[in-house]
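J.: For reference, the sequence and a predicted model appear below.
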Amino acid sequence: MSWLTAENLALVFGALTALSVLLYAILDGYDLGVGITLPMHEEAWRDTAIASIGPFWDANETWLVLAVGLLLVAFPAAHSAILHALYLPAALLLIGLILRGVAFDFRAKVKPERKRNWDWTFKFGSFLATFSQGFMLGIYVMGLEYRTGSIIFACFSGLCVTAAYAMIGNAWLIGKTTGDLQRRAIRQCKLAGVWTLAGILAVSAINPLVNANVYQVWTQPPLAYFFSAIPLLCFAMFALGYVALKRLPLPDDRGAWLPFFICKVIFICSFVGLALSFYPFVVPNQLTLYEAASSQESLTIIFFGAVIVIPIIAAYTAVAYYAFRGKADGLKYY
């Protein structure tokens, strides 16, 4: 195949890696968000919230495994450089995910009086995982350098990414639940949306100041005129989301899934904006996509494997969401 050149393959695998990260952020993002805002004062609400993510949460993490695997095999130099700078927060991320997995199973097996302790573990693991992801994003934006200003910004980024996951998690609960739990999710979604907007504004303001390439991308015509549609759409979604949340819940549960759709658009806009900001760099100001890529022969072999594996992952994900559509019922263990 003549089009399978080294440059094209690098671009294809860059796009696949980016898509995997985006799907992970949206899909695992909402179930992390459910964990972050788990209502600890009401056991029945916690059971319903857990039931709403039960069929999906484990499979959602497949996209993280895929993204890291693609980065390792397709861009080994970038994988080494990025993880060298992010080993500690990456380790904390894994610890958080492990705590979530253990707590999810153990809450169903312990004595009733100890169940709340594992719910707290699930909540803490969710927060640790999301804060670690936000911290890594902040350090990445700051050029993978640990300075006082970078660490402060990364901590703020960690809180804002946590808020973004809480926002999409509560938007998920709005669609999957009814009654008092749904009304609580609406209130929580509003609050989380404010912090999410603050984080997006902060990254948008700081990124061009620390990365000269980013400033050029967003200010150089004529492409800058087209790229400006991305932040405009993103901020329009925040405004629409605020209006929608003020009106919910509606009779017959109409519009319950609108906040989740809006959150997905916000995530996509934010991710595309970041991707355009750093392209063609995969390691900010150090390695481009094409410099970090594996050999053409290796990428060709991996390409044919990806053509088989990725559609299978997408297919069983789609089947799971179709099979467990509708409102979440009370949690039952057999």
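T.: Yep, it's here. Keep in mind it's a predicted model, so treat the numbers as computed, not measured. Residues are numbered from 1 along each chain as shown.
J.: As a check, name the ranges of all strands in this protein.
T.: Using DSSP state E, the strands of the chain run over 281-283, 287-288.
J.: So what are the sheet partners of the last one and their directions?
T.: Okay, so that is strand 287-288. As defined by DSSP bridges, the strand partners of strand 287-288 come to strand 281-283 (antiparallel).
J.: what comes into contact with the strand it pairs with?
T.: 14, 75, 78, 81, 82, 144, 213, 287, 288, 289, 292 (C-beta atoms under 8 Å, 6 or more residues apart in numbering). C-betas here are computed from N, CA, C, even on glycine.
J.: Relative to residue 312, how far out is the last one?
T.: Noted for residue 292: a distance of 27 Å to residue 312, by C-beta to C-beta, to the nearest Å.
J.: quick one: which of these two has more around it?
T.: residue 292 (23 against 9; other C-beta atoms under 10 Å).
J.: Surely that one touches residue 72?
T.: No: contact criterion C-beta atoms under 8 Å: residue 292 and residue 72 do not qualify, at 11.4 Å.
J.: is it true that residue 161 touches residue 134?
T.: Yes: look at residue 161 against residue 134 with C-beta under 8 Å: they come within range, at 2.9 Å.
J.: between those two, what contacts are shared?
T.: With C-beta under 8 Å, 6+ apart, residue 161 and residue 134 have common neighbours residue 199.
J.: one step back: most packed of the strands of the chain?
T.: Ranked by mean neighbour count, the strands of the chain are led by strand 281-283 with a mean of 22 (mean count of other C-beta atoms under 10 Å).
J.: just how off-centre is that one within its chain?
T.: Chain-centre distance of strand 281-283: 19 Å, with C-alpha atoms, centre = their mean, to the nearest Å.
J.: Point out where the stretch 1-150 of the chain drops to low pLDDT.
T.: Counting by pLDDT under 70, the stretch 1-150 of the chain has low-confidence residues at 1-2.
J.: what about the helices in it?
T.: Applying DSSP state H, counting those that start in this stretch to the stretch 1-150 of the chain gives helices spanning 6-36, 43-53, 57-60, 62-74, 76-106, 112-141, 148-176.
J.: Which of the ones you listed sits closest to residue 201?
T.: Across those, residue 201 has its closest neighbour in helix 148-176 (9.5 Å, C-beta to C-beta).
J.: Give me the packing partners of that closest one, helices and strands only.
T.: helix 6-36, helix 43-53, helix 112-141, helix 179-210, helix 258-278 (3 or more C-beta pairs under 8 Å, 6 or more residues apart in numbering; DSSP states H and E).
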